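Q: Make a model of this:
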Amino acid sequence: KMSVPDYMQCAEDHQTLLVVVQPIGIVPEESFFRIYKRISAVSQVNVRDSQRVLYIRYRHHYPPENNEWGDFQTHRKVVGLITITECSSAKEWPQTFEKFHLQKEMYGSTLYDSRLFVFGLQGEIAEQPRTDVAFYASYDECETVEKRIEDFIESLFIVLESKRLDRATDKSGDKIPLLCVPFEKKDFVGLDTDSRHYKKRCQGRMRKHVGDLCLQAGMLQDSLVHYHMAVELLRSVNDFLWLGAALEGLCSASVIYHYPGGTGGKVGSRRAQGGSLSAEAGNRHRPGAQEVLIDPGALTSNGINADTSAEIGRAKNCLSPEDIIEKYKEAISYYGKYKNAGVIELEACVKAVRVLAMQKRSMEASEFLQNAVYINLRQLSEEEKIQRYSILSELYERIGFHRKSAFFKRIAAMQCAAPSIPEPGWRACYKLLLETLPGYSLSLDPQDFSRGTHRGWAAVQMRLLHELVYASRRMGNPALCVRHLSFLLQTMLDFLSDQEKKDVTQSLESYTAKCPGTMEVITLPDGLKLPPVPFTKLPIVKSVKLLNLPTSLRPHKMKSLLGQNVSTKSPFIYSPIIAHSRGEERNKKIDFQWVQGDVCEVQLMVYNPMPFELRVENMGLLTTGVEFESLPAALSLPAESGLYPVTLVGVPQTTGQITVNGYHTSVFGVFSDCLLDNLPGVKTNGCTVEVIPALPRLQISTSLPRSAHTLQPSSGDEISTNVSVQLYNGETQQLIIKLENIGTEPLEKLEVTAKTVNTKEKLYGDFLSWNLEDTLCQFPLKPGKIATFVVNIKVKLDFSCQENLLQDLSDDGISVSGLPLSSPFRQVVKPRVETKPLNPQESSKVGDFSHVKVGE
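A: Numbering: from 1, shown residues only. Model prediction:
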């Protein structure tokens, strides 16, 4: 029973000669594979004085029991042996040469020729000319390796050709030996060797064997003829196992003709042959052989030239692409009759799948693969199971069954960590699991999940992510565990049950206690990069709004006193097409300003989607354009809180345009930088604002009590308060105003103006006067300093104007409009056109409402 299947086999391997390359003694692995690579590069050799090409298949390991099936299919027979050894002295040479002979005995019954490459031996022994031994001083001084291999292959061809000619010649009177597979030998003991049935069996098997030799010798058309004759003979005696082999040989020869580039996936690995042997040469080797002359032509989607497909279909020997698959099915059905031919059946399925992949017949290919899955072999080792599932995965990938491919690759990954393995290969398991991600519509980039509908089966994806986490933990890489758990929580949040959310977050917190999650890209040993996973859903942000400064801190742009403002309005252009995007909305400049050095605020409307209280630590703003000191906040959101306002603050340290790009958080030990561009559906009033230089801050207090009511509402450009005083006509009282600089900038200028407000057409006399000389001596007013000035209130009323004036004054009172007593104040004041700055000696006479104005 053949025990080890070769999952990499393809139909064109039937025309190859098998050469085994093995080390003898102690040879460094790196050095061995360095030479092996050079040897295996000589895979095609043109035969001298012939149009034929020999193809060589190299293996550095081959089970001897598989070699016993060499008569059944000659491409399974080891015909060449190349050994590599190190020998440093002449004393070691006899022992080394003895090992070479022992190695040859392992494959001795099938070998055509062998070679020994010796490295390191110099001197008399190395100078003796030998055919089977090549001496090289070192691995760097072996320029003739490739030439030696070509000579070696030529010697293999000589033996192959002699065997082909010997067995193809019809020797009348000679008995044809019965070729057998290993498990058949005991079944033929005692059979009548003179019966017609037995002779036909011998003839059919030998004819099939000669077909194999012709195919290996580069005689494609001859092999087709022999295979057809073998099929007829073997079918007549119901020799099903060998009939299957003859049919498979017929398929292989036809595949080699139709697909000269090969079906194994290596483009350009084989040369287009067309007619590999001329009619004259074919007749010389086998009289009466029928030649099929087919123009190779160009290939269409199924690999056949449309103009010549009918001719090929009529050809007696070469199968059409459709017939190739039918014959494969028939051969596989015959193999299935023998439990000891499981490996042959499995490999035939794999070869058929590769051909169907070339023909783009995916559904039929999947049927062959499904059959291959259920073929029972001996008890496979874990390594063989991994190889089997990996190849099944690769084949499903080739026919476009990506999810099925991912399924088998995941099984292979689980097999790497099977309980029966003493040292589970968790790294191999993790690597294979990563390769399954595309098949399940998964990637490790959270950006792929931020927009649009979810793709793939969430339940399967979550299972796979959990397995990645577990494999990462068993590899001893907590950073990978954190990254994959973060990805699971971020991308699968909508599909997790309440209990699963709690379990995942608890696991995440246990891992981040040892290794906090970061925003750094994780690079794996094979070069794969895992992007960071920001928690944009913990919490979910629905809107971002930049807030204006408090009223007392806002900078106010005053009207010019020097002339009319120049209009900066742009011409109005109507367009029925409005281009609108979230990017434009965020880049929109806001109509208010922030001030350098002042605390600025941004309000976020957030909600907690978790079924438990969500603690968000170290939450702050991400900005560009201006140096900005973010003042982190910590918040605790109730379970499934609904919209909840959160205000984030910071202080701009320089001036210019500042853009709020997002925010940063720390949740469950994972640090996240959440950019607004990556948040779908977030509403914003614009994220760019101008930061102006720091301005003075002034606090004003007066000696009079505050008024209970307001005579005139604030216009919005100024800050006002009301103080009240009751005076008799002719009475005088002083109003003391304290000016305290509570900011960091000096106050350089003080300007006091007054304006008259006429209500009910009342006329009042002059009652306000002040002197700023002493006050202005204290300017510029440095931070922390206080200046005072006095306003004299003297009441002079003319009662002849109206009879009810006194009663009205009693109702309204007299109010002096000043500034807040406790709130900081900042104003930029420019001289007014209609009002000149007052000299210290000048006084102003106004009505019932006076305004104190401070400028820099």
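Q: For the rest of this, base every contact and every neighbour count on C-alpha atoms.
A: Noted.
Q: hey, C-alpha coordinates of stretch 225-237 in PDB?
A: Taking Å, rounded to 0.1, in the frame of the first residue of the first chain, the C-alpha atoms of stretch 225-237 are listed here in PDB:
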ATOM      1  CA  VAL A 225      -1.200   5.200 -29.100                       C
ATOM      2  CA  HIS A 226       0.100   2.900 -26.500                       C
ATOM      3  CA  TYR A 227      -2.400   4.100 -23.900                       C
ATOM      4  CA  HIS A 228      -5.300   3.600 -26.300                       C
ATOM      5  CA  MET A 229      -4.200   0.000 -27.000                       C
ATOM      6  CA  ALA A 230      -3.700  -0.700 -23.300                       C
ATOM      7  CA  VAL A 231      -7.200   0.600 -22.500                       C
ATOM      8  CA  GLU A 232      -8.800  -1.800 -25.100                       C
ATOM      9  CA  LEU A 233      -6.800  -4.800 -23.800                       C
ATOM     10  CA  LEU A 234      -7.300  -4.100 -20.100                       C
ATOM     11  CA  ARG A 235     -11.000  -3.400 -20.500                       C
ATOM     12  CA  SER A 236     -11.500  -6.700 -22.200                       C
ATOM     13  CA  VAL A 237     -10.100  -8.600 -19.200                       C
END
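Q: who's in contact with that stretch?
A: 197, 200-201, 203-208, 210-211, 240, 242-243, 246-247, 249-250, 289-290, 317 (CA atoms under 8 Å, 6 or more residues apart in numbering).
Q: Turn the buried ones among these into a named PyMOL selection, would you?
A: To isolate the buried ones among the contacts of stretch 225-237 in PyMOL, judged by 16 or more other CA atoms under 10 Å, type:
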select buried, resi 197+200+201+203+204+205+206+207+208+210+211+240+242+243+246+247+249+250+290+317
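Q: Of the contacts of stretch 225-237, which belong to helices?
A: 197, 200-201, 203-208, 210-211, 240, 242-243, 246-247, 249-250 (DSSP state H).
Q: I'd guessed F72 sits against G244; true?
A: No: between F72 and G244 there is no contact under CA atoms under 8 Å: 10.5 Å.
Q: Counting neighbours, go ahead and name the busier of the two.
A: Using other CA atoms under 10 Å, the more surrounded residue of F72 and G244 is G244, with 27 against 22.
Q: so that one sits right up against I332, yeah?
A: Yes: with contact defined as CA under 8 Å, G244 reaches I332; the gap is 6.8 Å.
Q: Over to I35. Which of the three states is it?
A: Of the three states, I35 takes helix under DSSP: H, G, I helix; E, B strand; the rest coil.
Q: do R615 as well
A: On the three-state scheme (three-state DSSP), R615 is labelled strand.
Q: ok, and the residue nearest to it when sequence neighbours are not counted, which helix or strand is that part of?
A: Using CA to CA, 6 or more residues apart in numbering and skipping the chain neighbours, the partner closest in space to R615 is S636 (4.5 Å). Element membership for S636, per DSSP states H and E: strand 633-637.
Q: in the next helix or strand after that strand, what counts as buried?
A: Next along the chain after strand 633-637, taking DSSP H and E as the criterion, comes strand 644-652. Neighbour counts over strand 644-652 (16+ other CA under 10 Å) mark 646-652 as buried.
Q: between those residues, which is closest to I700?
A: V651 (24.9 Å; CA to CA).
Q: picking up where we left off before, quick one: list the elements packing against the strand holding S636.
A: Judged by 3 or more CA pairs under 8 Å, 6 or more residues apart in numbering; DSSP states H and E, strand 633-637 is in contact with strand 614-624.
Q: Report how many residues lie close to I125.
A: 13.
Q: repeat for the one 4 residues further on
A: Applying the criterion other CA under 10 Å, we find 10 residues in the vicinity of P129.
Q: Could you tell me the per-residue confidence at it?
A: You'll see P129 listed with a pLDDT of 84.
Q: Spatially, what comes nearest to V145 if we skip its sequence neighbours?
A: I39 is the one closest to V145 (CA to CA, 6+ apart), at 7.2 Å.
Q: which other helices and strands contact the helix or strand hosting L81?
A: Taking DSSP H and E as the definition, L81 sits inside strand 78-86. Contacts defined by 3+ CA pairs under 8 Å, 6+ apart place strand 78-86 against strand 16-24, helix 93-106, strand 113-119.
Q: report the angle between the axes of the last one and strand 78-86?
A: Yep, that's strand 113-119 we're talking about. Per axes from the mean of the first three to the mean of the last three CA atoms, to 10 degrees, the angle that strand 113-119 makes with strand 78-86 is 10 degrees.
Q: Isn't the residue nearest to R615 up against V616?
A: Yes: contact criterion CA under 8 Å: S636 and V616 qualify, at 6.2 Å.
Q: More neighbours: which of the two?
A: Set S636 next to V616 and count neighbours by other CA under 10 Å: V616 wins out with 18 against 11.
Q: Look up the residues forming beta bridges with the more buried one.
A: Beta-bridge partners of V616, counted by DSSP bridges, are L635.
Q: do the one 4 residues further on as well
A: As for beta bridges, G620 partners with H664 under DSSP bridges.
Q: Confirm that I590 sits in a strand.
A: Yes: counting by three-state DSSP, one finds I590 located in a strand.
Q: which SS state does A134 fall under?
A: Applying three-state DSSP: A134 is strand.
Q: tell me the contacts of it?
A: 115-118.
Q: tell me which of the residues you listed is nearest to F449?
A: For the contacts of A134, the nearest to F449 is F117 (57.0 Å; CA to CA).
Q: how many other residues sit next to that closest one?
A: 20.
Q: who's in contact with L493?
A: Per CA under 8 Å, 6+ apart, neighbours of L493: K501.
Q: typo on my end, L160
A: 112, 213, 217.
Q: Let me see the confidence value for the nearest residue to S703 once chain neighbours are set aside.
A: Counting by CA to CA, 6+ apart, S703 lies nearest to I736, which is 5.3 Å off, once chain neighbours are set aside. On the pLDDT scale, I736 is placed at 87.
Q: so where is the stretch 1-150 of the chain shaky, pLDDT-wise?
A: Of all residues in the stretch 1-150 of the chain, those with pLDDT under 70 make up the ranges 1-3.
Q: Just read off the phi/psi values of N792.
A: Dihedral pair for N792: phi -90, psi 130, per degrees, to the nearest 10.
Q: For burial, what's the neighbour tally of it?
A: 16.
Q: Touching the strand holding L81 from outside, list them.
A: Contact with strand 78-86 is made by 17-27, 32, 67, 70, 96, 100, 104, 107, 110-121, 156, as judged by CA under 8 Å, 6+ apart.
Q: Backbone dihedrals for the closest residue to L437 other than its chain neighbours, please?
A: Nearest non-adjacent residue to L437, counting by CA to CA, 6+ apart: S443, 6.1 Å away. When quoted as degrees, to the nearest 10, the phi and psi of S443 stand at phi -130, psi 170.
Q: Then K785?
A: Main-chain torsions, K785, degrees, to the nearest 10: phi -90, psi 160.
Q: Equivalent analysis for V27, please.
A: phi -130, psi 130.
Q: can you give me the helices in the stretch 151-300 of the chain?
A: Secondary structure of the stretch 151-300 of the chain by DSSP state H, counting those that start in this stretch: the helices cover 196-216, 220-236, 240-258, 279-285.
Q: Any stretches of this protein with poor pLDDT?
A: For the chain (pLDDT under 70), the answer is 1-3, 170-174, 189-190, 265-316, 452, 557-588, 709-719, 755-767, 797-856.
Q: That one - how does it break down into domains?
A: 11-168, 441-530, 540-555+588-692, 696-705+727-752+765-796 (the TED database).
Q: of all those, which lies closest to C349?
A: Closest approach to C349 among the domains of the chain is made by domain 11-168 (10.5 Å; CA to CA).
Q: Span of that closest one from start to end?
A: Domain 11-168 has its terminal residues 23 Å apart, counting by CA to CA, to the nearest Å.
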